[in-house]
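Asks: return atomic coordinates for the entry below.
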Amino acid sequence: MPLAIAAVLSVALGAAPVHAADLPRRRSGLWEITTSQPGAPAAVSGQLCIDEKTDDLAQQLAQGAMSCSRQQVRPEGDGWVLDSVCRLGESTATTRARISGRFDSAYQVDIDSSYEPPIMGMRGGKATVKARWLGACRPGQRAGDMTLPGGVTINIFDAQQRAAKPGP
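Replies: Residues are numbered from 1 along each chain as shown. As a prediction, the model looks like this:
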């Protein structure tokens, strides 16, 4: 489902498509990130080894992945609210995300999106992303290593470099 993929990527890669200065940086180390959707059979979990540079890159990747006419982040209560209007293919996604918790130990993002026109028959969706700091990255891991469901590991720096290179 599009929302699950977008939620996992945007939060795993930077909490949301906003400017890096707008949100606190996550603590360096290994983070477990779990995304769930109402009605989905199971939550999707992965792990991301981050450092300061990775958090900045993640925000840049999230910003570059979508064309947004509106992106606003503001503190609200003990958390943050992110509002955006972005193009996803032929559709416009209007999203509100509420972030609570702490960027040094655990946080939660509750996402509510609507799509016009609908994407794959969906007019909108909700997702919850929970992230928790597990400790230092494992030996042999480098910043940017993301372990996906099933144990496959990719590095977001490598993926970005491959995407930027002109193909043969």
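Asks: for the rest of this, base every contact and every neighbour count on C-alpha atoms.
Replies: Will do.
Asks: where exactly do the strands run in this structure?
Replies: 29-36, 44-50, 67-76, 79-88, 91-102, 106-119, 122-135, 145-147, 153-155 (DSSP state E).
Asks: averaging pLDDT over each of these, which comes out lowest?
Replies: Among the strands of the chain, strand 67-76 carries the lowest mean pLDDT, a mean of 86.
Asks: can you give the distance of that strand from its chain's centre?
Replies: Strand 67-76 sits 15 Å away from the centroid of its parent chain (C-alpha atoms, centre = their mean, to the nearest Å).
Asks: would you mind giving the strands of the chain as CSV with distance to Leu57 added?
Replies: Putting the strands of the chain into CSV (distance: least, C-alpha to C-alpha, whole Å) gives the following:
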stretch, distance to Leu57
strand 29-36, 15
strand 44-50, 10
strand 67-76, 17
strand 79-88, 19
strand 91-102, 20
strand 106-119, 20
strand 122-135, 18
strand 145-147, 13
strand 153-155, 12
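Asks: as TSV, these with distance to Asp56 and mean neighbour count would be great.
Replies: Listed next are the strands of the chain as TSV, based on distance: least, C-alpha to C-alpha, whole Å; neighbours: other C-alpha atoms under 10 Å:
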stretch	distance to Asp56	mean neighbour count
strand 29-36	14	22
strand 44-50	10	23
strand 67-76	16	14
strand 79-88	17	19
strand 91-102	18	20
strand 106-119	18	19
strand 122-135	17	19
strand 145-147	15	21
strand 153-155	15	15
